[in-house]
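Peer 1: model the structure of this input:
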Amino acid sequence: MPGGRLTQQERQQIALGLADDLAYAEIARRLDRPTSTITREVMRNGGPAAYRAELAHRATERRAHRRRQPAPRGSQAPEQAHGRDAEAVRAYEETFTTLFTQQGLPTMTARVLAALYTTDAGSLTASELVQRLQVSPASISKAVAFLESQGLIRRERDDRRRERYVVDDDVMYQSTIAGARANALLAETARQGVGVLGPGTPAAARLENIARFVDFVAESIARAADQAREILHAKPEPPSDAPT
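Peer 2: Residues are numbered from 1 along each chain as shown. Predicted structure coming up:
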């Protein structure tokens with residue numbers, strides 16, 4: 001069975017296999033590779049829907065180049081808890097980063113959010129992010145400012161008065177509600193256009209339909225978020241005493 005890194009040709013075969021809806025095991029069999037190799041390759045490069053052979057090959061070359069670079073003096077990769085595989089964790093963070101960038105986040109912002117999602121504490125300080133991502137404090141500051149403006153993280157002070165950036169269940173709820181409010185504002189703006197463009201005109205009818213659609217979606221999202229928060233995060237009631 002061949003070992004070593006996947007070649008660009010093999011990655012192209014993986015992309016073709018995914019396009020044909022082949023299972024990872026079948027793609028692995030055709031390439032004479034372990035199924036785990038194919039699974040890891042696809043998941044670290046955007047998942048089956050977003051996998052692109054050329055982008056995956058370039059990403060692998062960049063990772064290999066970073067590993068060859070001497071580590072800055074005093075820096076150290078974060079120790080992995082719970083017996084985790086450090087390489088698997090890095091690959092998973094890159095998968096999350098790729099997903100976030102495909103959704104429109106800048107790369108550094110996506111890296112910060114992925115780091116916060118995958119830390120057990122659910123929070124990191126600026127200095128911890130600098131060390132973890134090996135970037136400048138200015139890059140972290142810009143990224144967290146954007147994430148906070150979008151309601152994706154929040155700030156708090158720990159017992160040492162250090163500012164921490166937090167992502168937790170309530171942050172996700174607040175972010176979802178903020179998105180619903182943004183949609184509601186879009187609906188309101190669309191309706192303003194009805195008066196400007198003239199009721200009964202094709203353009204006004206289009207805007208009215210947009211407003212009605214967005215209103216419905218925004219209300220549904222807000223209602224679902226409230227229900228999820230109430231059901232998923234409610235404290236369980238203590239068990240009642242058994243009858244004697």
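
Peer 1: past the helix or strand of the chain with the lowest mean pLDDT, which element shows up next along the chain?
Peer 2: The weakest-scoring helix or strand in the chain, judged by mean pLDDT, DSSP states H and E, is helix 53-68 (a mean of 74). The first helix or strand that comes after helix 53-68 along the chain, using DSSP states H and E, is helix 86-102.

Peer 1: pLDDT on that following helix, on average?
Peer 2: Average pLDDT, helix 86-102: 82.

Peer 1: how far off centre is that helix?
Peer 2: For helix 86-102, the gap between its own C-alpha mean and the chain's C-alpha mean amounts to 8 Å (C-alpha atoms, centre = their mean, to the nearest Å).

Peer 1: what's the average pLDDT for the next helix or strand after that helix?
Peer 2: Reading on from helix 86-102 to the C-terminus, the next helix or strand found by DSSP H and E is helix 107-117. Helix 107-117 shows a mean pLDDT of 91.

Peer 1: show me what helix 107-117 is packed up against.
Peer 2: Applying 3 or more C-beta pairs under 8 Å, 6 or more residues apart in numbering; DSSP states H and E, one finds that helix 107-117 contacts helix 86-102, strand 123-125, helix 126-133, helix 137-149, strand 163-166. C-beta: built from backbone N, CA, C; applies to glycine.

Peer 1: where does the chain dip in pLDDT?
Peer 2: Across the chain, residues meeting the criterion (pLDDT under 70) sit at 1-3, 63-80, 234-244.

Peer 1: how about T35, what does it touch?
Peer 2: Remark: with contacts taken as C-beta atoms under 8 Å, 6 or more residues apart in numbering, T35 is in contact with Y24, A25, A28.

Peer 1: now name the helix or strand holding the second one.
Peer 2: Spelled out, it's A25. In this structure, A25 sits in helix 24-31 according to DSSP H and E.

Peer 1: and the contacts of that helix?
Peer 2: Outside helix 24-31, the residues within contact range by C-beta under 8 Å, 6+ apart are E10, Q13, I14, G17, L18, P34, T35, T37, I38, T39, V42.

Peer 1: where does V135 land in three-state SS?
Peer 2: V135 carries the three-state label coil when classified by DSSP: H, G, I helix; E, B strand; the rest coil.

Peer 1: mind listing what the residue lying closest to it once chain neighbours are set aside touches?
Peer 2: Once its chain neighbours are removed from consideration, V135 has its nearest residue in M108; the separation is 6.8 Å (C-beta to C-beta, 6 or more residues apart in numbering). If you count contacts by C-beta under 8 Å, 6+ apart, M108 has them with V135, S139, K142, A143.

Peer 1: how about those, which pair is most distant?
Peer 2: Farthest apart among these by C-beta to C-beta are V135 and K142. That separation is 10.2 Å.

Peer 1: just the angle between the following helix or strand past the helix holding A25 and helix 86-102, please?
Peer 2: Note on helix 24-31: by DSSP H and E, the next helix or strand toward the C-terminus is helix 35-43. Regarding helix 35-43 and helix 86-102, their directions subtend 30 degrees when assessed with axes from the mean of the first three to the mean of the last three C-alpha atoms, to 10 degrees.

Peer 1: that concludes my questions; thank you for your assistance.
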